Structure formats: structure tokens, C-alpha cells
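Asks: please work out how this folds:
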Amino acid sequence: MSELDLNTKYLDLGARLGRSGDDLAAWVEDKVRQDMERNDRQIERERKREEIELQKQREREERERQRQLELELKRLELETETKRIELSSKDHADGAGPRQSYATQRPKIPLLNDPSQ
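Replies: Residues are numbered from 1 along each chain as shown. You can find the predicted model right below:
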């Protein structure tokens, strides 16, 4: 309710309760102030509740995004492991034995100032 609506409401109520003059004016002013403060507190509570809900929603979305990223990582790890096993199985089937690493495949490069040469 607007302040004007509250004034009208309490003027009517105060008059019916037998208040008049300065007593009525002070009573109405007090009642309107109390209602306005109550409305302000209610608005503030609703704003805080909305803020909290928004924060919770953001946290839920972040957890879901993290979960999706973890699932994608696991999927990629499994896919990589599957490919490695397939390649290893293919090498063994071809009789090539285990795959050699780059370290064992590369040619030996002579070192400068190597006394063994």
C-alpha cells in the first residue's frame, strides 16, 4: 500500500475507534511509520532470499559444469586407453612385438668432446 492509502486506512480506523485531533494524527503517523518499516523489512528479506537463491543456482550450475568436464575427461581417458590397447594388440598380431619408444628408436647423436670417439 502507498503511504497515502495507509493514511486513509488508519484515519478511518482511528476515527471508528474514537480517536480525534492530535491523538488521531499521532496515532495515524505511528501506524503508517510501522507499516512502512514492516514493508521495507519484507522487501529486504525478499531481496536477500532472491540473492541466496541466485547464488545457489550459480553453485548448482558450476557443480554440473564441473561434473560434465570430469565425465568428458574420463571419456577421453578411456578412449585413449582403448586406442593404446588396440594399437598394442595390432602390433602383437603383426609380430612386431611391443612398440618401441622414441628414446630407443632415435639414432645416437655423437656428443662434442666425447672421449669415446
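
Asks: do you know the pLDDT at E70?
Replies: Looking at E70, its pLDDT is 97.

Asks: for E64, see how far away it is.
Replies: 11 Å (CB to CB, to the nearest Å). For every residue, glycine as well, the C-beta is placed using N, CA and C.

Asks: how about R19, phi and psi?
Replies: phi -80, psi 150 (degrees, to the nearest 10).

Asks: ok, it touching K31?
Replies: No. Using CB atoms under 8 Å as the test, R19 is too far from K31 to be in contact (10.6 Å).

Asks: max-length helix in this protein?
Replies: helix 21-93 (DSSP state H).

Asks: which other helices and strands contact that one?
Replies: helix 3-16 (3 or more CB pairs under 8 Å, 6 or more residues apart in numbering; DSSP states H and E).

Asks: mean confidence score for the helix it packs on?
Replies: Here the average pLDDT along helix 3-16 is 84.

Asks: can you give the distance of it from its chain's centre?
Replies: 47 Å (CA atoms, centre = their mean, to the nearest Å).

Asks: what about this structure, any weak spots by pLDDT?
Replies: 92-117 (pLDDT under 70).

Asks: now the angle between helix 3-16 and the longest helix of the chain, please.
Replies: Computed with axes from the mean of the first three to the mean of the last three CA atoms, to 10 degrees, the direction of helix 21-93 lies at 140 degrees from that of helix 3-16.

Asks: how near is G18 to M36?
Replies: 25 Å.

Asks: between the two, who's got more neighbours?
Replies: M36 (14 against 8; other CB atoms under 10 Å).

Asks: G18 is in what secondary structure piece?
Replies: Using DSSP states H and E, G18 falls within no helix or strand.

Asks: how close does it get to L24?
Replies: 9 Å.

Asks: joint contacts of those two?
Replies: Shared contacts of G18 and L24, defined by CB atoms under 8 Å, 6 or more residues apart in numbering, are absent.

Asks: give me the number of residues near K48?
Replies: Other residues within reach of K48, judged by other CB under 10 Å, total 10.

Asks: the one 4 residues further on too?
Replies: The number of residues packed around I52, counting by other CB under 10 Å, is 10.

Asks: sweet, I'm off.
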